[in-house]
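Visitor: take this sequence and fold it.
(3 chains)
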Amino acid sequence: MSNRQAPAIEITGLNKFYGSFHALRDINLTVSRGEKVVVCGPSGSGKSTMIRCINQLEEHDAGTIRVLGTALDDSVGSIDEIRREVGMVFQHFNLFPHMTVMENCTLAPMLVRKTPRAEAEATAMRFLEKVRIPDQAEKFPGQLSGGQQQRVAIARALCMKPEILLFDEPTSALDPEMIAEVLDVMSSLATEGMTMICVTHEMGFARKVADRVIFMDRGEIVEEAAPDAFFSNPRNERTRRFLSQVLGH
Amino acid sequence: MGFVGLFCATLLGLVIGLARSSKNAPARLLGTIYIEIFCNIPLIVQLFFWYAVVTQLPNPRNAIQIGHVMLTGRGLHFPGLNVTVLSAVVAIAIMIAALFVILWIAVARRFGRVESARRRLLSLGVLVTGILGAAVALSWGRIPETPLVSLPELRGLNIRGGFQLRPEIYALAFAITVYGAAYIGEIVRGGFKSVGRGQVEAAQALGLSPWRVFSRVRMPLAVRAMLPILINQYVWLIKATTLGIAVGFSDFFMVIAGSITHSGQTLELIGILMAGFLIINFSLAAVLNRVNRAIALKGKQIGVAQ
Amino acid sequence: MTDLSIHAPDPSQRLWRRLRSEYFASPLGSILTLVCVAILGLLIWWVLDWTLFRATFEADARAAECRANGGACWAVIANRWRLIMFGIYPYDEQWRSALACVIVIATVVLSCLPRMWGIIRLAAIWLFAALAFYILMKGGALGLSRVSEEQWGGLALTLFLFVSTVVIGMPLAVMLALMRRSEMPVIARVTGLFIDAIRSLPLLAILFTFAVVLPFVLPAMLTGEKLYRVIVGLAIFFAAYQAEIIRGGLQGTASGQEEAAKALGIPYRYRISRIVLPQAFRLALPATINQIVITFMETSLVVVVGFVELLAAGNAAYNTGEWKFAYVEVYVFISAIYFTFVFGLSRYGAYLERRMNVGRR
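Guide: Numbering: from 1, shown residues only, chains lettered A, B, ... in the order given. As a prediction, this is how the structure comes out:
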């Protein structure tokens, strides 16, 4: 059902208001398949809001969003279909505490894609191995460390075999020593060709992995460029200020 | 009888609590009105009210009749079985045991790996066994020389035959149902409120349909959150029921007048009553706490952030 | 970057959206909305119709007229309100009962105002209120005739029971809670047993014991009036539950604070009163308010031991031959009174909670 030729994500004229607060101002963004985009910016700039609009966890007020060729409108059917193809990893992991790791990973494929249990479990083990915690499959989220939980969350999203993965500040809630293990997993996903949009403050990761870096401030996209150009030669004054704050300490 | 009241209260409470938590505004309003009204009026007042309603029903001559069931100010009469009390109790016990086993099969982790088809077959088997067992118990206890089923009918000024429920009983059941449902509804609402938004969003992001998000994520987590408070509420309700029975059977107003004629006996009675209450209380709490521990969320709750 | 004239979606558009998502989100939702609205409408109409439109308000209306009108027969209230409010208090002196009620309510309301919060001020007004209440109700001084406790009844009695229970029970609860965490194991364990035992018993049993059993067990000297025995029973019951609530609050308060206070050499009584208890109370406030509300509702239980408080008075009011049909109206009236107090208390509790939370964090 997804159009093979269409770009992964096409956002035109996106606007969102919280009451009278203009959270997203006329966002225009196109992401091609296999592209890795990193979004950065100060807090309150609207980066999380933007990617949450992509899988409609937030509803936009104006503009169009096309995911894999399908426009997102208010009909419930289209939203659920899109969410099958778009995976999301949250800042606070949001694993289901009453299910084991394995159950967390197999729940959606079995219910939504109607995958038989054996196949779903095999897929889950494969992805758990990829994120390097196959031995925790029968544990409950409460028994794992933060880094482990986030890797489970990534595996859970992968089990739905999405075309696009969204990351909403995946390492912001982790202790420093666990950030590396999660970033490693994300890097290996990137090299395998997954389309990724990642909101993060981890500039090292951006430099290494991103095809494009976007800087957002006060609800609008201020600058976008390839990582080399972005980090060495930012064009906009606001970008420069932000970079000096984030990198300079 | 108390359990019937509890059961009904739970069902009604679930409905009310769900209504209160739903996205639908009018449903929310209805739920809120119900809860506020019935939570803020003492149980005793509600009890007396229902009792008054129930005793002011027409007398046997003008009984309200639906099929073979008759309702009057003196009681509720419906067709009964002519069996000994013991066999009736045994039959009911068997059925309850069967139900518990079925519940256990459905919920316990032990059976998590078994195919649902086989589980359903097993439950069916248990159910059939239970019904058979109950039937055996009943037929074994049949009172000879009487028809199996006895129907109530008006004879003279009263209704004879059949099984009679005194008005105190169902007045109490009604009051407990209505009152309990209000409190349970509030607890249900609290349970749903405590489910982290993050989990719901994660389920949505995975593409689960709204119904699935509710049944697989919101509901189980809400139940686990509610259970401790619900246990407390049940214990309280059961205490209230047993009290109501004691008061009801000696006629509400008789106790008032200080009708203590035999002081010595009363002391012993009270002593026994108190001991009984302590036992019931502790054992109930123990059983329900075990259930709570069995389904509680494992591990420390790190990472379960809002 | 761009300067589009995009405005916030106007209020009417947002209202429409909200209407849609909250009321008509799906076919099922729409049906639910319609059904609920229909039920609501019917309820409101039915209630208004019964209580106002078709009701009989004249005091001298009787059964026949009421039935003819088909609605509520408020005449029963008009005729029997004195019984409900004051019980069997002598007719001529009922103004005293009324005045006593007003004083109690005024005191409670005053204590709720933040301005009156100071131990000395609170103690003073409560003491004054208690004295005034007692003198007014009992009489025997200041030229007022004597009315024994047995004749106290109705709403006045309910209020008296409630207030006495809380006033006596609260300090008792604090004491019990502190004793339970005492460093002397004997005291702690005995107190623990006592609290758990009381909490396992139904209130009715305790009331019964105090009202009826105690006179047989204790020598006549120690046995006071039945009313005061019952109050003691109620207070002990309240104290047991409240002690657990306070204990919860104490446990939630960081122990490091008490250690810091100890290190500074602050003596026990100040440690407890200035540092630990205020924080414990702040944490325990919601549960405390809940407990107080429950206590108010529980006062109605004393009907079983023979007191003509609000509920019993109501029962008596309609149980005479001519008014027997009007039980619904009487219960509605009583329920309305209970509801006002209980709901008012709960709302006040919510207000307190909000106030307390603003100060923290």
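Visitor: do a quick rundown of the strands in the stretch 151-300 of chain B.
Guide: Here the stretch 151-300 of chain B has its strands, by DSSP state E, counting those that start in this stretch, at B:153-155, B:158-160, B:163-165.
Visitor: how about the helices of chain A, start to end?
Guide: A:47-54, A:76-85, A:101-112, A:117-130, A:146-159, A:176-191, A:203-209, A:227-232, A:237-248 (DSSP state H).
Visitor: ranking the ones you listed by mean pLDDT, which is last?
Guide: For those, the bottom mean pLDDT is recorded on helix A:76-85, which sits at a mean of 77.
Visitor: quick one on the thing from earlier: out of the helices of chain A, nearest to chain C?
Guide: Closest approach to chain C among those (CB to the nearest CB): helix A:76-85, 7.3 Å. Heads up, the C-betas are built off the backbone N, CA and C, glycines and all.
Visitor: what distance do you get for the spatially most central residue of chain A to chain B?
Guide: The centroid of chain A falls nearest to A:Leu166 when counting by CA atoms, centre = their mean (1.6 Å). From A:Leu166 across to chain B, the span is 8 Å (CB to the nearest CB, to the nearest Å).
Visitor: what of A:Asp73?
Guide: For A:Asp73, the distance to chain B - CB to the nearest CB - is 17 Å.
Visitor: next, the contact list for that residue, please.
Guide: Contact partners of A:Asp73, counting by CB atoms under 8 Å, 6 or more residues apart in numbering or on different chains, are absent.
Visitor: repeat the analysis, applying 10 Å as the threshold.
Guide: Shown in contact with A:Asp73 (CB atoms under 10 Å, 6 or more residues apart in numbering or on different chains): A:56, A:64-65, A:79.
Visitor: likewise A:Ile27?
Guide: Taking CB under 10 Å, 6+ apart as the test, what A:Ile27 contacts is A:11-16, A:46, A:49-50, A:53, A:60, A:63, A:65, A:214, A:216, A:219-221.
Visitor: check the contacts of A:Asp73 one by one and keep those near chain B.
Guide: Taking CB under 10 Å from any CB of the partner chain, the overlap between the contacts of A:Asp73 and the neighbourhood of chain B is A:56, A:79.
Visitor: list only buried entries from the contacts of A:Asp73.
Guide: Buried members of those, counted by 16 or more other CB atoms under 10 Å in any protein chain shown: A:56, A:65, A:79.
Visitor: so the second one sits against A:Thr30, correct?
Guide: No: with contact taken as CB atoms under 10 Å, A:Ile65 and A:Thr30 are classed as non-touching, separated by 11.2 Å.
Visitor: and for A:Phe167, the neighbour number?
Guide: Neighbour count for A:Phe167, taken as other CB atoms under 10 Å in any protein chain shown: 26.
Visitor: spell out which parts of chain A neighbour chain C.
Guide: Counting by CB under 10 Å from any CB, chain A sits next to chain C at A:13, A:15-22, A:25-26, A:28, A:59, A:61-63, A:74, A:76, A:220-223, A:236.
Visitor: do I have it right that C:Gly233 meets C:Pro202?
Guide: No: contact criterion CB under 10 Å: C:Gly233 and C:Pro202 do not qualify, at 11.9 Å.
Visitor: circling back to that earlier point, mind putting the helices of chain A into JSON lines with distance to B:Ile94?
Guide: As requested, the helices of chain A are exported to JSON lines (distance: least, CB to CB, whole Å):
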{"stretch": "helix A:47-54", "distance to B:Ile94": "55"}
{"stretch": "helix A:76-85", "distance to B:Ile94": "46"}
{"stretch": "helix A:101-112", "distance to B:Ile94": "35"}
{"stretch": "helix A:117-130", "distance to B:Ile94": "35"}
{"stretch": "helix A:146-159", "distance to B:Ile94": "44"}
{"stretch": "helix A:176-191", "distance to B:Ile94": "55"}
{"stretch": "helix A:203-209", "distance to B:Ile94": "64"}
{"stretch": "helix A:227-232", "distance to B:Ile94": "73"}
{"stretch": "helix A:237-248", "distance to B:Ile94": "71"}
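Visitor: and among the ones you listed, the most buried is which?
Guide: Comparing the helices of chain A by mean neighbour count (mean count of other CB atoms under 10 Å in any protein chain shown), helix A:146-159 comes out on top with a mean of 25.
Visitor: list the contacts of residue 171.
Guide: No chain was given, so I picked chain A. A:89, A:91, A:146-147, A:150, A:178-183, A:186, A:198, A:200-202, A:205.
Visitor: actually, chain C is the one I wanted.
Guide: By CB under 10 Å, 6+ apart, the contact set of C:Pro171 is C:235, C:239.
Visitor: where's it, which helix or strand?
Guide: Counting by DSSP states H and E, the element that carries C:Pro171 is helix C:154-180.
Visitor: domain assignment for chain B?
Guide: Taking automatic domain parsing as the reference, chain B has its domains at B:2-77+B:166-295, B:80-150.
Visitor: avg pLDDT for the last one?
Guide: When you say that, I think you mean domain B:80-150. Domain B:80-150 carries an average pLDDT of 71.
Visitor: C:Arg247 sits in which helix or strand?
Guide: Using DSSP H and E, C:Arg247 falls in helix C:226-252.
Visitor: any regions of the stretch 251-361 of chain C where pLDDT drops low?
Guide: Regions of the stretch 251-361 of chain C meeting the criterion pLDDT under 70 cover residues C:254-255, C:266, C:306, C:320-326, C:356-361.
Visitor: how near is B:Ile92 to A:Val67?
Guide: Remark: distance between B:Ile92 and A:Val67 (CB to CB, to the nearest Å) = 58 Å.
Visitor: got it, and C:Phe210?
Guide: Distance from C:Phe210 to A:Val67, by CB to CB: 72 Å.
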